[in-house]
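> what's the 3D shape of this:
(3 chains)
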Amino acid sequence: MNPIKTFTKGGVHPEENKLSAHMPIQDFPMPKQLIVPLGQCLGAPADCIVKKGDRVLTGQLIGTAKGFVSANVHSPATGTVAKVDVVMDHTGYYKPAVFIDREEQDEWAEGILVTDELLTDIKLDGKAIIDKVKECGIVGMGGATFPTHVKLMVPEGKKAEYVIINAAECEPYLTCDFRLLLEKTQEFLMGVKIVMKAVGTDKGIIGIEANKMEAIELLDKTINEHKDLYSGIEVQPLKTKYPQGGEKQLIKAVTGREVPSGKLPIETGCVVVNVASTYAIYEAIQKNKPLIERVVTVTGKSVKHPSNFRVRFGVPADLLIEAAGGLPDDITDVINGGPMMGKSVSVTSFPVMKGTSGILLMTLHEAQDRRVTNCIRCGRCAIACPMGLQPFLLHKVAKHNDFDETEKNHIMDCIECGSCEFTCPANIPLLDYIRYGKAKTGAIIRARNQK
Amino acid sequence: MNKYTISGSPHVHSTENTQKIMYRVILALVPALLVAIYYFGWYALRLTIVSVAACMLTEWLIQKFLVKGPLTINDGSAALTGLLLAFNVPANLPIWMVIAGSVFAIGVGKMAFGGLGKNPFNPALVGRVFMLVSFPTAMTTWPQAQPFFDKGFFADAVTGPTPLGILKESGVGTLAEMGDMQFLDMVLGNRGGAFGEVCAIALILGAIYLLCRKVIEIVTPLTILLTVFIFTGICHLINPTQFIAPWYHLIYGGLILGAFFMATDMVTSPMTIRGKILFGFGIGVITVVIRLWGAYPEGVSFAILIMNALTPLINKAFKPYVFGVVKPSKK
Amino acid sequence: MSNTLLISLAVLGILGGVLAVILYFVAQKFKVEENPLIDEAEACLPGANCGGCGFAGCRALAEACVKQAAEKGNIDGLACPGTDMGKVAAVLGLTATAFEPKIAVVRCNGSCQNSPSKVHYEGADICAFANTLYAGEGGCSKGCLGLGDCVKKCNFDALHIDKETGLPVVDPDKCVGCGVCAKTCPRGIIEVRPRGKKDRRVYVCCSNTDKGALVVKNCSVGCIGCQKCLKECPFEAIEMRGNLAYIDPAKCKACGKCVKVCPRGSIHAVNFPAPKPEGPINDPKPLQGAEPVKPQAQPVEAKIEVKPENTVTA
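Numbers count the residues shown, from 1 in each chain, chains lettered A, B, ... in the order given. Prediction:
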């Protein structure tokens, strides 16, 4: 095993609470109707190409990507399109979606290989792999949902040296990536090989936090047993520290390189891909299977059976909560994603999407006393900030709408990890203000660049 | 069913809060208070109670009737100011002077700037310096430590000079004659001085607790102590008959109290490590300069206040290094 | 003694004199010639530097007026929303187009009663941020978030959040119609409309363009796009924007017919005289929505809503 590495600046260590770490992934039974949102990625929602009454097969394309940063959407089941309408997503906003009345049996669309066998022969070349990834609508499944094919396209003049797989899963509670690593080890490793081939490098590093020893050992063992298959892949244990899974922090920890401010990770010769996305890439390339399902962790301190489900997209989240033992009485906060970067949920009936890594039910007890008091200038936020920013200062200038100052103080470098707010003894919603400042500053910069 | 809470991420928070920080500092000062009661008896206890009560009452009155804002009397910061203020004055100081100092400390030192977190100066020190310039005689008449089982709990205080006072007035020779160079006695607190500052052992005990609970960082106090040690050490090496050995400077006066409990006050000290080093260095140098060449025997309070004033500038000058930003290289 | 006095007096006197001379020459050397008309034009403007005219401040607008007047002989297109530009034009020796006073109108009535909260918001008091986070406590994704970005931005102290309804209300005495609030609102709820003749105006108090079924879920007074008002209007002043009726202030004659037919009470008419007893609007208060057809549209809110607008007629 390699020695444990970590990033140097800042970071916090919230309670890990990996309650569902030992729950195997269960296939989640599909309900009668699936509601598939058309905007499942960062960027523009897909254009719907089916209409009411159409019969769609499992894995059939139903929405085509619109624009550069956008991803295709496929039907997660076989059935008839009941309507193309709007559905309330987790924020309470109405978003366009395709409603599919499901038939009992999955009838797979043409060309999709349905097999559990491990396919080790990578037939496609780099360019074709990226095209396939694009076609299959694969996005970053850690939560940011950035289209993966855009990431894999190494710009002209740049060279990818390392493929780094983000298996840190530094968010407390979440265990979906961990379970996937344990249960689909070989498929995952093949996925890493495919990504390496796609970007044209022979070095792949899997960064895992040291609290997932089981996975580290299993991966090490598998790589050693199949040296011919998985040559060039290394497992790098990382210190259990949040935000170890932040892209820039991960690169820093693994390679010691720093992504320059305002630049993309490729500047350091690294391409970072999430575990679930890597597995999806394997499925796409080897089996021609588009992204129609993912592993979702349903967890929380008072949840009866914290679980990991393999869920087709479009299943309403409340069914998952029901399957995990129902909604406990003391829940005040439902979160889509992890507790550090996830989003508050207004309604639990939202459909599972590509970015739904977890559904976290938080109790009143965890919410704690959030009375906001004066900033005592303790500087803990600045110490915790992994980007070396001064959150207390950014909070103040953003509050006063001084967007020149926010820009000067590198607000655009904020990765919104929430370490500052986590550590603040005065309970100031620092990140809220920083996000606001970042959005405004970003708009000003874009307007200026357009001139 | 509960209404769901909508909030921006993160949704979990550390259990730290301002109140806890303040009460931990108060707890860390308890050993020194006990030692003070042991040496100065009733006077120390009375003074502490009056000072803490006056500070809290002042804050409450101002918030209730002047500012009409939320009451933050529970957060412990006013109590801490009162405690630190009491620690910095002679035990036999008349009660009304302590009350005046407390009112000034909270009213002018803290609330005038907008309350906790907005004061540029350490309020306890503001109160102390106010008393020092207003009542110079009372504030420099120090009672001598006398264990209360010798003379009784309510024994009248016997006043006498502090080691630093002797040093200022008559030089190293006299100090040695008066037996004030017994290192052990000095460390244990058996000497004259403000009652909170005398026992270095109890203060360091509290400081270790704070360091373990990560309430304070070692950087500032360490820099202060090192600066004082090196500076006075150099002076001592140049002229041992005029300047006393550096280790005495560390334990005399309020250096330990100031370095660990007042210079580390979050509100009034810089935020970055480099800033803290400069801050500590500044306090050390000013302290030594006042002690060796200034008009007052002790200079920790002034040193901290002066550096408090410079804190905003230090914060501006020493920003943390931003991830991924290449420093402009100068040749 | 007297010597010392004399010397100091002399030194200071000479110093003062020399510096005065230097200052005079420096002032002469660096004198900036400015058209005095700018000062005069600026004096006509409110001096709040609200930015409603599109310039950095009142002086910038005055400068632009003077410049354009010199170049083109008119000040068309340059207008302070809160002032009669006729005064500025008079200063510059021109005639300006007629001034139409405007006022900000909050097009949402989703108060705590009309759109009861379903979730609880905890975080920064910034609408622009909350807008990215969720649809709103009441669930309406086009409704007012009530955190008061508009209030904070208003330079004239003309907007306040009503504690009971949780909605901003415009103080008609103070509002100059500069439109800063309208630009600030992340959901575009506030619109700047002409004040209308006798300060009477009719507008749709809703901004939700969603389908009626979705609107009904969250709000008891939201426009459902039934188009009854559209058919009723004799002047064709009402158009549909998505599923939302919009009254064009240029065409509206403030007859108030649409108010009566609206089944949701979404159309508000302000500063209308007390109606005749037999009329459908029995409220002794100025005309405020048609008689509520739906029981949810309680008159209590209606009163609260109209209060500040009342002050003009009172």
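
> what residues does chain C put near chain B?
Counting by CB under 8 Å from any CB of the partner chain, the positions of chain C adjacent to chain B are C:117-124, C:129-130, C:133-134, C:137. Every residue, glycine included, has its C-beta placed from N, CA and C.

> just the buried subset of the residues you listed, written out for ChimeraX, thanks.
Here is the ChimeraX command that picks out the buried ones among the residues of chain C next to chain B, judged by 16 or more other CB atoms under 10 Å in any protein chain shown:
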select /C:118,119,121,122,123,124,129,130,133,134,137
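
> filter the residues of chain C next to chain B by proximity to chain A?
Counting by CB under 8 Å from any CB, the members of the residues of chain C next to chain B that reach chain A are C:118-119, C:122-124, C:129, C:133-134.

> circling back: check the residues of chain C next to chain B and tell me the two furthest apart.
C:Lys118 and C:Ala124 (20.4 Å; CB to CB).

> nearest spatial neighbour of A:Cys378, skipping sequence neighbours?
Once flanking residues are discounted, A:Cys378 sits nearest to B:Met266: 3.9 Å by CB to CB, 6 or more residues apart in numbering or on different chains.

> look up how far C:Lys198 lies from the residue lying closest to C:Cys58 once chain neighbours are set aside.
Nearest non-adjacent residue to C:Cys58, counting by CB to CB, 6+ apart: C:Leu45, 4.1 Å away. From C:Leu45 across to C:Lys198, the span is 26 Å (CB to CB, to the nearest Å).

> go on, B:Val126?
Look at B:Val126 and C:Lys198: by CB to CB, they are 61 Å apart.

> these two: who's more crowded?
Between B:Val126 and C:Lys198, B:Val126 has the larger neighbour count (other CB atoms under 10 Å in any protein chain shown), namely 26 against 12.

> and the helix or strand hosting the more buried one, what does it pack onto?
Assessed by DSSP states H and E, B:Val126 sits inside helix B:123-134. Judged by 3 or more CB pairs under 8 Å, 6 or more residues apart in numbering or on different chains; DSSP states H and E, helix B:123-134 is in contact with helix B:77-87, helix B:95-107, helix B:136-139, helix B:300-317.

> most packed of those helices?
Comparing those by mean neighbour count (mean count of other CB atoms under 10 Å in any protein chain shown), helix B:77-87 ranks first with a mean of 28.

> how distant is that helix from the center of its chain?
10 Å (CA atoms, centre = their mean, to the nearest Å).

> C-alpha coordinates for that helix, PDB please?
C-alpha atoms of helix B:77-87 as PDB (Å, rounded to 0.1, in the frame of the first residue of the first chain):
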ATOM      1  CA  SER B  77     -17.400  37.500  26.900                       C
ATOM      2  CA  ALA B  78     -18.400  40.100  29.400                       C
ATOM      3  CA  ALA B  79     -17.600  37.800  32.300                       C
ATOM      4  CA  LEU B  80     -14.300  37.000  30.800                       C
ATOM      5  CA  THR B  81     -13.500  40.700  30.400                       C
ATOM      6  CA  GLY B  82     -14.300  41.200  34.100                       C
ATOM      7  CA  LEU B  83     -12.200  38.300  35.100                       C
ATOM      8  CA  LEU B  84      -9.200  39.400  33.100                       C
ATOM      9  CA  LEU B  85      -9.600  43.000  34.400                       C
ATOM     10  CA  ALA B  86      -9.600  41.800  38.000                       C
ATOM     11  CA  PHE B  87      -6.500  39.700  37.300                       C
END
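
> and residue 246, what pLDDT?
All of this refers to chain A. Here, the pLDDT recorded for A:Gly246 equals 90.

> meant chain C actually
92.

> picking that back up, hmm, who's touching the helix holding B:Val126?
Contacts to helix B:123-134, defined as CB atoms under 8 Å, 6 or more residues apart in numbering or on different chains, come from residues B:80-82, B:84-85, B:88-89, B:93, B:97-98, B:100-102, B:104-106, B:108-110, B:138-140, B:262, B:301-302, B:304-305, B:308.

> can you pull the buried residues of that helix?
For helix B:123-134, by 16+ other CB under 10 Å, it's B:123-132.

> what about B:Met262, how many residues nearby?
Using other CB under 10 Å: B:Met262 sits among 25 other residues.

> that one and B:Ala303, how far apart?
Distance, B:Met262 to B:Ala303, using CB to CB: 10 Å.

> tell me the SS of C:Cys175?
With DSSP: H, G, I helix; E, B strand; the rest coil as the basis, C:Cys175 sits in coil.

> and the pLDDT at it?
Reported pLDDT for C:Cys175: 86.

> dump the residue contacts of it.
Each residue near C:Cys175 by CB under 8 Å, 6+ apart is listed here: C:103-104, C:156, C:158-159.

> same list (those residues) but as a markdown table, adding pLDDT, neighbour count and secondary structure.
Formatted as a markdown table, the contacts of C:Cys175 follow (pLDDT from 0 to 100; neighbours: other CB atoms under 10 Å in any protein chain shown; DSSP: H, G, I helix; E, B strand; the rest coil):
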| residue | pLDDT | neighbour count | secondary structure |
| --- | --- | --- | --- |
| C:Ile103 | 90 | 23 | strand |
| C:Ala104 | 91 | 28 | strand |
| C:Phe156 | 83 | 20 | coil |
| C:Ala158 | 89 | 23 | coil |
| C:Leu159 | 92 | 25 | strand |
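
> now render those as a markdown table, adding distance to B:Tyr4.
A markdown table is the format used below for the contacts of C:Cys175 (distance: CB to CB, whole Å):
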| residue | distance to B:Tyr4 |
| --- | --- |
| C:Ile103 | 37 |
| C:Ala104 | 33 |
| C:Phe156 | 37 |
| C:Ala158 | 35 |
| C:Leu159 | 29 |
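
> and the strands in chain C, which stretches?
C:102-106, C:119-121, C:159-161, C:168-170, C:190-194, C:201-204, C:238-241, C:244-247, C:267-270 (DSSP state E).

> among those strands, single out whichever gets nearest to A:Ala439.
strand C:119-121 (17.7 Å).

> neighbouring strands - and their directions - for the closest one?
If you go by DSSP bridges, strand C:119-121 pairs up with strand B:4-6 (parallel).

> show the subsequent helix or strand relative to the strand it pairs with.
On the C-terminal side of strand B:4-6, the closest following helix or strand by DSSP H and E is helix B:18-40.

> which stretches of chain C have low pLDDT?
Scanning chain C for pLDDT under 70 picks out C:1, C:96-99, C:274-314.

> next to chain A, which bits of it? Give me the list.
Residues of chain C lying near chain A (CB under 8 Å from any CB): C:118-119, C:122-124, C:126, C:128-129, C:132-136, C:139, C:141, C:210, C:214.
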